[in-house]
Structures are given as structure tokens and as C-alpha cells.
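Visitor: Next come a sequence and a model predicted from it.
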Amino acid sequence: MSQTEVEKLAQQRKQRLIKYFTEPPDPRDRTVARVFLAVAGIALLATGVIVVHRDELPFALVLLLAAAVCAVVGVDGLFRYRKRFAKAFPRPTDEEMDRLLAAELGRIRSISLEKLGVTADDLELTGEGWDPVAQLERGGPVLTPNERRPLVVFGPADDARMEIGRDHAARFSSYRVMAICPTHFNFGLYLCTVNMLTGALGQDETHEYQYDDVVAIRTITAGERGPEPEVRLRNEDVRFARALECELQVVTSGGEYPRIHVVVPLADGAQPASLQPSGMEQVVTSVRRVLRDRRSAGSVI
């Protein structure tokens, strides 16, 4: 596939997916526009009746002017509503967005192996069997015993747009992803940002460490995220009343600490919005177990 074809597909994808993150028009605006058109019609009809009976012609002129103003306001309002509606619809479904995110995470897992120069057979994974792709596609986070794949943690990128779906789950236009590849011979990390609108990957990093150089896996609660605006969904108030910003860090003896931010919503209110599980807790458990096993094996030797 040529570069031009790739760019064309990316543009088509962006035009389709941007609608998910575009605020739809308020149906009340359409109602108001229709009311103005109805008033214009009534005023025009009344003007006709007055003219036919040749009674109160000055008043008929006022009614005609009012009808014209109401018609202009109504047509303009309806035009603006339809223009905004076309920008927001037809929008992808929540399930389609989840499948797309699952596909991107699967692609990043494969890219992480290539970037780090390892294979799935080299991975040394134990622990919770976290699989975000299965979670997004099938609702089940458990890997089969024979599956070996990089561990993945993901959270919204700093400049991401947020949209709350019909299932009350928040989704983002871009994600920061960390793929962790513990192997038999070293500890590898691959980080990147995926733009969900185009599929482009950016800000990628690779880190490789000897196990003796990995000092700790650290999680930090950075603080509460600022209050999100309330969102009205199908006549219900849906919101992030409170949300914690957490950070997963890999601390090394050289003073480096590659990190990734995740957001954890806290239930507060009748209809709190939710997030796709980031996998941070399960991944931390798995990595700590790998590090303990490696150090135990080293001490025995």
C-alpha cells in the first residue's frame, strides 16, 4: 500500500471517528426552530385573512413583517441544527470504539516485540493473566495458560478528548500505552501514544534493563483530577464526580523511571461514568512476581 493510500485511509477513518467526539446538537434547538417556523406560518395565514377582508391593513403589514422575521430565525436555526447534526452523526457505536481500541492495543503489543527485538517465546510472565484486548472484545480479562504476550497498561493522553458513551463509559481520542516485556534475559519497556482518530503512533520510547537494574515498580496517586462538566445523556445526568490520577513508574538504579498516567474514577453520585480498566493493578502484581522470582533465582545461584 502506497503512502498516499495510507494517508487517504487515515483521513477517512478520522472523518468517521471524529463524530464520536463531536458534541451533538441539543434537540431543543430544533424544537425552537420549528416553533418559529410554525409562528411564521400562523402569522402569514392571519395576514392573508386580513388582506382578503381588507381590514386592519397596517396590522397585516406588522404581521407580515413578524412572519418574515420568524421564518428567517426558524430556517436559520433549523439549518444550524442540521449542520451540527451532520457533523456528529452517524457516529460509531460504543462497541465499535472498544473493538478499535482492542485492535490498537494488539498492534502495539506486536510492535513492542519488534522494537525490543524479542519474541513471545522469550517472555517470562506470571501473575494475573491480564489481557486488555480480551477485556474490550469479550469482557473477559483472562489469558489462556499457553498465551504469552506483553503486559499492557493504558490511560488517556494529556491532550485527549473525552466522550461518554451510551453505556456510561468514558472513551478518549488518544491513549498513552506502556507495553512491558519481561524476558529470560532482560526487562523491556515500550511506550507510545496512539491517536484513535487516525491510528498514528507517536512519542514512542524503548527501554531495556538488566533485572539487577530494576529497583522497584512504584504506583503513585498524583491527586484528584479536576471536576469534569456534567453530561446529559438520554435525559440522565452522567458525570465524573471525582477521579484520581495515578502513575505507574519503573524505577531503575540509573535514576530513570519510565512512567504512565492512568485515571481512576471514584463512584460519587447516582450515575457515575466509568472507564475501561487500565490493568495497572494486575500488571503491577505480575511484574513484581517476575522480579521476585528472578531475584530469588539469582540468590540461589
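Guide: Great, that's in hand. Numbering: from 1, shown residues only.
Visitor: measure Pro258 to Ile164 for me?
Guide: 30 Å (Cβ to Cβ, to the nearest Å). No exception for glycine: its C-beta is placed from N, CA and C like everyone else's.
Visitor: quick one: the helices in the stretch 51-200 of the chain?
Guide: Listed in chain order, the helices of the stretch 51-200 of the chain (DSSP state H, counting those that start in this stretch) span residues 57-88, 94-116, 132-138.
Visitor: How far off centre is the second one?
Guide: Yep, that's helix 94-116 we're talking about. Mean C-alpha position of helix 94-116 versus that of the full chain (Cα atoms, centre = their mean, to the nearest Å) differs by 14 Å.
Visitor: Identify each buried residue in it, please.
Guide: Under the neighbour-count criterion of 16 or more other Cβ atoms under 10 Å, helix 94-116 has 94, 97-98, 100-102, 104-106, 108-109, 111-113, 115-116 buried.
Visitor: now that helix: mean pLDDT?
Guide: Averaging pLDDT along helix 94-116 yields 94.
Visitor: same check, this time on the shortest one
Guide: Mean pLDDT, taken over the full extent of helix 132-138, equals 73.
Visitor: ok, now stretch 44-52?
Guide: Rounded mean pLDDT across stretch 44-52 is 82.
Visitor: What of stretch 254-269?
Guide: Average pLDDT, stretch 254-269: 75.
Visitor: of the helices of the stretch 51-200 of the chain, which approaches Thr206 most closely?
Guide: helix 94-116 (5.1 Å; Cβ to Cβ).
Visitor: Who are the packing partners of that closest one?
Guide: Applying 3 or more Cβ pairs under 8 Å, 6 or more residues apart in numbering; DSSP states H and E, we find helix 94-116 packed against helix 132-138, strand 151-156, strand 169-172, strand 174-182, strand 187-195, strand 201-209.
Visitor: Relative to Val290, which of the helices of the stretch 51-200 of the chain is closest?
Guide: Closest approach to Val290 among the helices of the stretch 51-200 of the chain (Cβ to Cβ): helix 94-116, 15.4 Å.
Visitor: what does the closest one rub up against?
Guide: Applying Cβ atoms under 8 Å, 6 or more residues apart in numbering, the contact partners of helix 94-116 are 17, 20, 92, 119-120, 132-133, 136-137, 149-150, 152, 154, 165-167, 169, 171, 175, 177, 179, 181, 188, 190, 192, 194, 196, 199, 201, 204, 206, 208, 276.
Visitor: out of the helices and strands packed on helix 94-116, which comes closest to Ala86?
Guide: Nearest of those (Cβ to Cβ): strand 169-172, 21.6 Å.
Visitor: Quick check: nearest residue in space to Arg288, chain neighbours excluded?
Guide: Take Arg288 and drop its neighbours on the chain: the residue closest to it by Cβ to Cβ, 6 or more residues apart in numbering is Ile217, 5.7 Å away.
Visitor: Sort out which residues of the helix or strand hosting that neighbour are buried, please.
Guide: Using DSSP states H and E, Ile217 sits in strand 214-224. Neighbour counts using 16+ other Cβ under 10 Å place 214-215, 217 of strand 214-224 among the buried residues.
Visitor: just those now: which is nearest Leu57?
Guide: In terms of Cβ to Cβ, no member of the buried residues of strand 214-224 lies closer to Leu57 than Ile217, at 86.0 Å.
Visitor: Just the pLDDT at Asp121, thanks.
Guide: Per-residue confidence (pLDDT) for Asp121: 90.
Visitor: same question, Met196
Guide: If you check Met196, the pLDDT there is 95.
Visitor: Distance-wise, check it relative to Tyr175.
Guide: Per Cβ to Cβ, Met196 is found 7 Å from Tyr175.
Visitor: about what we covered before: who's in contact with the strand holding Ile217?
Guide: 187, 242-253, 257, 261, 280, 284, 287-288, 291.
Visitor: What sits closest to Ala10 if chain neighbours are left out?
Guide: Nearest to Ala10 is Thr198, by Cβ to Cβ, 6+ apart, at 4.4 Å.
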